[in-house]
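J.: Predicted model and sequence below, questions to follow.
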Amino acid sequence: MAEPAVPVVGPGRDGTLSATGAEAIAGAAAAALTEVTAPRRRLGWFFWVCLGWIAVVILLAVLANVLPLPNPNYQNYSAINAGPSGAHLLGTDDLGRDILSRVIYGSRVSIIVGFGAIAIGLLLGGLPGMVAGYRRGTVDTVVNAASYVLLAFPALVAVIAIVTFWGHALWKIVLIIGIATAPLLFRLIRAATLSYANRDFVTAARTLGARDRRILAREILPNILPAIVSFSLIGVATVIVLEGTLAFLGLSVPGPTPSWGNMLNESRSYITGSQINLSLVLSPAVSMFSFLLALNLVGDRLRQHFDVTEVRL
Amino acid sequence: MARYLLNRLVALLVIVFLVSVGSFFVVHLLPGNPAVTILGPNATPRNVATENALLGLNKPLYQQYFIWIGNILRGNLGKSFVTSQSVTNIIANAFPIDIELIVISQLIAFAVAVPMALLASRRPNRAFDRYSTTATFAGLALPPFIVAPVLVVVFATHLHVFPGPGSYVPLSQGFWTNLHAMILPSIVLAIGSIVVYYRLLRNDLIATLQEEFITMARSKGLSDRRILLRHALRPSSISLLASAGINIGTLIAGTFVVEYLLQLPGLGYELVTGIGQDDYVVVQSLVLVIAVAVVVVNFAVDFLFTVVDPRIARG
């Protein structure tokens, strides 16, 4: 990393074009990419704490129906804006709904959007990225140029525009954000593939008569998997932020469906008025912060552990 | 270098064109009829047809696009359906607020990130560096929509240090009152920038400090402080300023959130209000203006820094 610093943040580090479209994703990925530290071989205890937390959050979201939680949309008018108690561990909101239950059910939206959108992005961007990085040629040049153009769109503005006119259903949000992440994942995975496409073991496999599909799946994919996993985790965190921003502006999944962003949006009138409901602000805020921190940290530690920096992006 | 810049200019024009096509078609190709939106669900088919003709929506799509873009190029961005205020007017009133927010937040970000990065890069991997690098990780998990409500409840509602929502006063009607209302939202925006600038500058400085001209400066007996400030920070500051320009997209997203929460009538506030009122001309025009502004700022920054540092053009 001792090369003269190229003043471009994000995957445009080769100086061709700054990745402004998916700027949020690029920012997070870039922050992780430009780290100047020796590769860490030990993951450290905090890594396991964070990984455990991700597992706990996902497990709670999956098991929410089975857990002894009140219905997140049940309005108990005799306990409005109640403080934490035995019946409601985190208190209730302005409609008497249990905040703990809403936080746990609300995590579903973040998890589905985060992982779903990145899965779509990997399918639409990552797969072509592997093929383009391996085959090169005219198609690669064209798709590569197209990905730069797409990355120049400010992601949030584009997503807001589409969601406004198309609708706020969960699957639409997953799909739109997924498409928005595709160009960036294309660039990241294409770059990772490039650094392996001409290695000796790939040439050897080709000489032995392996088909392209086999080489991609058996020779290249295992090598770039650490890069894919670490970028995907940081990508999931970034997508969750994007959905949260939408939800906070009231443009994501409509109420009464609980989501962390929706809850923060609903808390607006209870942080400035005469009646303050602190739990309504802090519960989704702390949940989201800890989940994002864990995702970023696990992604970054994995990247360092596998020394992904050797992939020149 | 000239060729590189020319390439970039062509790319800029292509992107601006695509952004305009995108913001045009997002309204016209997606389900939902603007005429129905304007007239309400109970409109008769006949009224809808008249309204469509009035809006020019009965013409072929490509013609509509050229009429629309022609109007925009002549400075006519259309009128709000709700307030019948011209969009140009809305932008003229809202834009200074965004500029002010961004400028103040960037000043705060530099004031925090630069000293932190200098201290950290002096002794990489030692205590201060490790703690502040970990702290920036936390910053990465604190987007504006999480920080803003928490800061408002603590500093505005509880401690009354800063004014709460709806207390915006234009700059012309009292400098200090205006500044007072802008500090809290600016701090919210600054957090994300601090993370980016700190990480970038720290890594850049550590790399620069390993260069031979630094060893040269050391052997001349220059003080650590002087080497850090004059020999290392100066080359690194170029990339720092460039990243500030590229950061603009993230900042815009942040302004949406703080403007919405604190009712600051900037572009983001107008956009979200327009969406809430189905005011599709306002939404369409604001989306176009914001997107083009982000794209142009990014290219301008790139241009500027290619001229300052020709190494960029060579990749």
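T.: Okay, I see it. Numbers count the residues shown, from 1 in each chain, chains lettered A, B, ... in the order given.

J.: Next, count neighbours for B:R234.
T.: Neighbours of B:R234 under the rule other Cβ atoms under 10 Å in any protein chain shown: 10. To be clear about C-beta, it is placed using only N, CA and C from the backbone, and glycine gets the same treatment.

J.: Poorly predicted segments of the stretch 1-150 of chain B, please.
T.: Within the stretch 1-150 of chain B, the stretches with pLDDT under 70 are B:29-34, B:37.

J.: what do you get if the cut-off is 50, keeping everything else the same?
T.: Residue ranges of the stretch 1-150 of chain B with pLDDT under 50: none are present.

J.: ranges for the helices of it?
T.: Taking DSSP state H, counting those that start in this stretch, the helices of the stretch 1-150 of chain B run over residues B:2-28, B:34-39, B:45-55, B:61-73, B:87-122, B:127-140, B:144-151.

J.: so which of the ones you listed is the most packed in?
T.: Scoring the helices of the stretch 1-150 of chain B by mean neighbour count under mean count of other Cβ atoms under 10 Å in any protein chain shown gives helix B:144-151 as the most buried, with a mean of 25.

J.: got the angle between that helix and helix B:127-140?
T.: 100 degrees (axes from the mean of the first three to the mean of the last three Cα atoms, to 10 degrees).

J.: Geometrically speaking, which residue is the centre of chain B?
T.: B:I252 (2.9 Å; Cα atoms, centre = their mean).

J.: What residues does the stretch 51-200 of chain A have near chain B?
T.: A:148-149, A:152-158, A:160-162, A:164-166 (Cβ under 8 Å from any Cβ of the partner chain).

J.: Repeat the analysis, applying 7 Å as the threshold.
T.: Residues of the stretch 51-200 of chain A lying close to chain B by Cβ under 7 Å from any Cβ of the partner chain are A:V149, A:A152, A:F153, A:P154, A:L156, A:V157, A:A158, A:A161, A:I162, A:T164, A:F165, A:W166.

J.: if we can go back for a sec, quick one: the host helix or strand of the residue nearest to the centre of chain B near chain A?
T.: According to DSSP states H and E, B:I252 maps onto helix B:248-262. Yes. Shown here: helix B:248-262 in contact with chain A (Cβ under 7 Å from any Cβ) through B:G249, B:T250, B:I252, B:A253, B:F256, B:V257, B:Y260, B:L261.

J.: With stretch B:48-67 instead?
T.: No. Using Cβ under 7 Å from any Cβ, stretch B:48-67 never reaches chain A; the gap is at least 14.3 Å.

J.: Now the terminal residues of that stretch, how far apart.
T.: Its start and end residues considered, stretch B:48-67 measures 21 Å (Cα to Cα, to the nearest Å).

J.: how distant is that stretch from the center of its chain?
T.: Here the centre of stretch B:48-67 is set off from its chain's centre by 33 Å, with Cα atoms, centre = their mean, to the nearest Å.

J.: hang on, the earlier thing: could you export the helices of the stretch 1-150 of chain B as JSON lines, including distance to A:P226?
T.: Converted to JSON lines, those look like this (distance: least, Cβ to Cβ, whole Å):
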{"stretch": "helix B:2-28", "distance to A:P226": "33"}
{"stretch": "helix B:34-39", "distance to A:P226": "49"}
{"stretch": "helix B:45-55", "distance to A:P226": "54"}
{"stretch": "helix B:61-73", "distance to A:P226": "46"}
{"stretch": "helix B:87-122", "distance to A:P226": "27"}
{"stretch": "helix B:127-140", "distance to A:P226": "20"}
{"stretch": "helix B:144-151", "distance to A:P226": "29"}
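
J.: Between these, which one is closest to A:Q304.
T.: Smallest distance to A:Q304 across these (Cβ to Cβ): 11.9 Å, for helix B:127-140.

J.: which residues make contact with the closest one from outside it?
T.: With contact meaning Cβ atoms under 7 Å, 6 or more residues apart in numbering or on different chains, helix B:127-140 is reached by A:28, A:31, A:293, A:296-297, B:116, B:119-120, B:123, B:191, B:194-195, B:198-199.

J.: Let's have those residues in TSV, adding distance to B:S80 and secondary structure.
T.: Shown next, in TSV, are these (distance: Cβ to Cβ, whole Å; DSSP: H, G, I helix; E, B strand; the rest coil):
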residue	distance to B:S80	secondary structure
A:A28	36	helix
A:A31	39	helix
A:L293	41	helix
A:N296	40	helix
A:L297	45	helix
B:M116	44	helix
B:L119	50	helix
B:A120	49	helix
B:R123	57	coil
B:I191	33	helix
B:I194	37	helix
B:V195	37	helix
B:Y198	41	helix
B:R199	42	helix
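
J.: from these, which two are the most distant?
T.: A:A28 and B:R123 (26.4 Å).

J.: higher neighbour count, the two?
T.: Taking neighbours as other Cβ under 10 Å, A:A28 and B:R123 compare with A:A28 leading, 28 against 10.

J.: confidence score at the more buried one?
T.: Note on A:A28: pLDDT of 43.

J.: Next: A:E35.
T.: So A:E35 comes in at 48 (pLDDT).

J.: I figured B:V272 was touching A:L249, is that so?
T.: Yes. Counting by Cβ atoms under 7 Å, a contact exists between B:V272 and A:L249, whose distance comes to 5.3 Å.

J.: need the contact list for A:F186.
T.: A:G125, A:G126, A:P128, A:G129, A:S147.

J.: so where's chain A shaky on pLDDT?
T.: A:1-36, A:310-313.

J.: which residue ranges form the helices in it?
T.: A:23-33, A:45-63, A:99-121, A:127-135, A:137-151, A:155-166, A:170-197, A:200-207, A:212-214, A:221-248, A:260-266, A:269-272, A:278-305 (DSSP state H).

J.: how about those in TSV, adding distance to B:V289?
T.: Below are these laid out as TSV (distance: least, Cβ to Cβ, whole Å):
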stretch	distance to B:V289
helix A:23-33	17
helix A:45-63	39
helix A:99-121	27
helix A:127-135	32
helix A:137-151	19
helix A:155-166	10
helix A:170-197	20
helix A:200-207	48
helix A:212-214	46
helix A:221-248	19
helix A:260-266	25
helix A:269-272	30
helix A:278-305	31
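
J.: What is the burial count for B:T177?
T.: Look at B:T177: counted by other Cβ under 10 Å, it has 15 neighbours.

J.: Next, the angle from the strand or helix carrying it to helix B:87-122.
T.: Taking DSSP H and E as the definition, B:T177 sits inside helix B:175-208. Orientation check (the same axes, to 10 degrees): helix B:175-208 against helix B:87-122 gives 40 degrees.

J.: Helix B:175-208 packs against which elements?
T.: helix A:23-33, helix B:87-122, helix B:127-140, helix B:144-151, helix B:233-246, helix B:248-262 (3 or more Cβ pairs under 7 Å, 6 or more residues apart in numbering or on different chains; DSSP states H and E).

J.: CA atoms only for the third one, dumped as PDB, please.
T.: So that's helix B:127-140. Extracted in PDB, the C-alpha atoms of helix B:127-140 (Å, rounded to 0.1, in the frame of the first residue of the first chain):
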ATOM      1  CA  ALA B 127      -2.600   3.100  22.200                       C
ATOM      2  CA  PHE B 128      -4.100   6.400  20.700                       C
ATOM      3  CA  ASP B 129      -4.100   5.000  17.200                       C
ATOM      4  CA  ARG B 130      -5.800   1.800  18.300                       C
ATOM      5  CA  TYR B 131      -8.500   3.500  20.400                       C
ATOM      6  CA  SER B 132      -9.300   6.200  17.800                       C
ATOM      7  CA  THR B 133      -9.400   3.700  15.000                       C
ATOM      8  CA  THR B 134     -11.800   1.500  17.000                       C
ATOM      9  CA  ALA B 135     -13.900   4.600  17.800                       C
ATOM     10  CA  THR B 136     -14.200   5.400  14.100                       C
ATOM     11  CA  PHE B 137     -15.600   1.900  13.700                       C
ATOM     12  CA  ALA B 138     -18.400   2.900  16.000                       C
ATOM     13  CA  GLY B 139     -18.900   6.100  13.900                       C
ATOM     14  CA  LEU B 140     -19.400   3.900  10.900                       C
END
